[in-house]
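J.: sharing a model that was predicted from the sequence below.
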Amino acid sequence: MQTFFVASILFLTASFIIPGQAAVDLTCPTATITNSTLNGAFPAGGSSLFPASYNCIIKFLIPHGYVAKIDVQTNLIYGSQDHFVIKDSASSLNEMNIVDNLFYAPVGTNSINITTQTNTSTFYFTWNFIDVTTFTRNQFSTGQIVSLNLTANNYYRFTSPNDKVAFTSGSISGTPDLSTKRIYVYDGDDLNAMFIGNLYDGYVPSVGGSSGNTITLVNFYGLPVLSYGIANDDKVISKYDGYSLQIMSQARDFFTQGTSMNGKEVAMTLYSLDSQESYITTVTFLNPNLTGQEVRVMPQTPMDGYANLLTYSSNDTKDTTIVNLPQQVLSNTFTVLFYRCDVYFSVRPRPSTEWATVGPGRTGMMYSPSMWNPKTQQAAPYSSKLYSSIPVNFVMELTSVSIGKAGDTLEVNVGSNSSSLILAQTNQTISGAMEKSAMGTYMTTTFTGTTGASSFAMKFSVLEAKASAKAMINVVALVMIFVNLF
């Protein structure tokens, strides 16, 4: 009994003896650690088995322009009763274990809390203060979508001309990306600024944006982050009831339930990694009897401020669903706005044969790539062919044609296996709407404009081919000879 009593007393002291090893001093440091001690370790004697009921808080004060690299050696596994927790200067808690064993403590007051309930856990950590003022700067403006796979020893500065900056991230998988915890956010021009949090779940925790007009991102870990992000002027996205960035790829369709019931728009920017061609495939209003519901689609990002090109209303539905789909979108970047609605919305971010297959009742919009990508110096020419298995009446309504470069031409043809006619042809700007129709089994539309100076917008409808339309086709053909717009 005496031997057991003595052993118990020794076990509860700050010095813990492992059989075959010298005693290791586990006394909790009381002095705050600063860059006056650039390197160090605890326990100083190396990795040690800690006693039960141990509690120690070790504070670090990291000056501006520095981080402290903390390497942890422990046998802790997830769900252990014992804990090694680092609280950073933004008050976020970071649980360390046998897998998560590296942490960079940012500017400000950080602390390490070691607590045990058992006597089975080993702990040891080292620290190294690193000067980060020599990192390479990368400059971006608000409105740009960037990969968050940031290069080590670099920092990324996002600047607004005249507003606070809010940063939003989106993951490739569509689910929260834990690796964005590696992205540190600084409220200012560089790494001398204050640390305000890690980029996770698409926002900076507890922070609506920068205090000034610049925000800075950095990844000290040098490990990959497979997400993307966008910096916006705070006043641009604060008008929304919510804003998100969604990343798409040809590998899978995108689906979401968009909800905006507070009288304000909810916005999401869709960005495709590998396709300049997408198709809206589903718009289903879940409460079709409510008035004023709309889904709006505009080119690029909210920062660009372009007008909506597409609007879907609950008044246009059949059994809650918009039937005139799919709808073509010729850009890898566009923004969807949900207004006063609860709606299922889906996109196919790749070429689709369903767009080209039409029948009576089908309507849609055709826009030149330059209208979806107004900032692009060189857009692709446009070509589309709509097919019907039966003769139908194609109705074309040109709502906008702008020719800014000599030689750019828009041409619309309607035909069948036996004949074809030019429904419209122009190499000049047209002001005002123009509507024409003809019967056939296909309609082709080509536009040779490839710069932002030239564009077109056209609504099309597909109607049943009635006898009157058959009688008029020859008249239309004759009239078109004279009204081709050269």
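T.: Here it is on my side, so go on. Numbers count the residues shown, from 1 in each chain.

J.: extract the CA atoms of stretch 119-130 and return them as PDB.
T.: Provided in PDB are the C-alpha atoms of stretch 119-130 (Å, rounded to 0.1, in the frame of the first residue of the first chain):
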ATOM      1  CA  ASN A 119      -3.100   9.000 -18.400                       C
ATOM      2  CA  THR A 120      -2.700   7.500 -21.900                       C
ATOM      3  CA  SER A 121      -1.900  10.500 -24.100                       C
ATOM      4  CA  THR A 122       1.500  11.800 -25.200                       C
ATOM      5  CA  PHE A 123       2.200  15.400 -26.200                       C
ATOM      6  CA  TYR A 124       5.100  17.300 -27.600                       C
ATOM      7  CA  PHE A 125       5.100  20.500 -29.800                       C
ATOM      8  CA  THR A 126       7.700  22.800 -31.200                       C
ATOM      9  CA  TRP A 127       7.300  26.400 -32.300                       C
ATOM     10  CA  ASN A 128       9.100  28.500 -34.900                       C
ATOM     11  CA  PHE A 129       8.400  32.200 -35.500                       C
ATOM     12  CA  ILE A 130       8.400  33.000 -39.300                       C
END
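
J.: what residues sit buried inside it?
T.: Burial within stretch 119-130, assessed by neighbour count using 16 or more other CB atoms under 10 Å, is assigned to Ser121, Thr122, Phe123, Tyr124, Phe125, Trp127, Phe129, Ile130. In this view, the C-beta of every residue, glycine as well, is placed from N, C-alpha and C.

J.: check which element follows the stretch of helix or strand the third one belongs to along the chain.
T.: Yep, that's Phe123 we're talking about. Phe123 belongs to strand 122-131 when assigned by DSSP states H and E. Next helix or strand after strand 122-131 toward the C-terminus (DSSP H and E): strand 136-141.

J.: before we move on, back to that, now for the buried residues of stretch 119-130, which pair is the farthest apart?
T.: Ser121 and Ile130 (28.0 Å; CB to CB).

J.: nearest residue to Gln139 other than its sequence neighbours?
T.: Arg157 (5.4 Å; CB to CB, 6 or more residues apart in numbering).

J.: ok, the closest residue to Leu38 other than its chain neighbours - contacts?
T.: Spatial nearest neighbour of Leu38, chain neighbours left out: Phe129 (4.6 Å); criterion: CB to CB, 6+ apart. When contacts are counted by CB atoms under 8 Å, 6 or more residues apart in numbering, Phe129 touches Asn35, Leu38, Asn39, Ile62, Tyr66, Val67, Ala68, Lys69.

J.: pLDDT score assigned to Phe129?
T.: If you check Phe129, the pLDDT there is 98.

J.: what bridges to it?
T.: Following DSSP bridges, Phe129 is listed with bridge partners Ala68.

J.: name the helix or strand for the residue nearest the centre of the chain, please.
T.: The chain has Leu245 as the residue nearest its centroid, 2.8 Å off, counting by CA atoms, centre = their mean. According to DSSP H and E, Leu245 maps onto strand 242-248.
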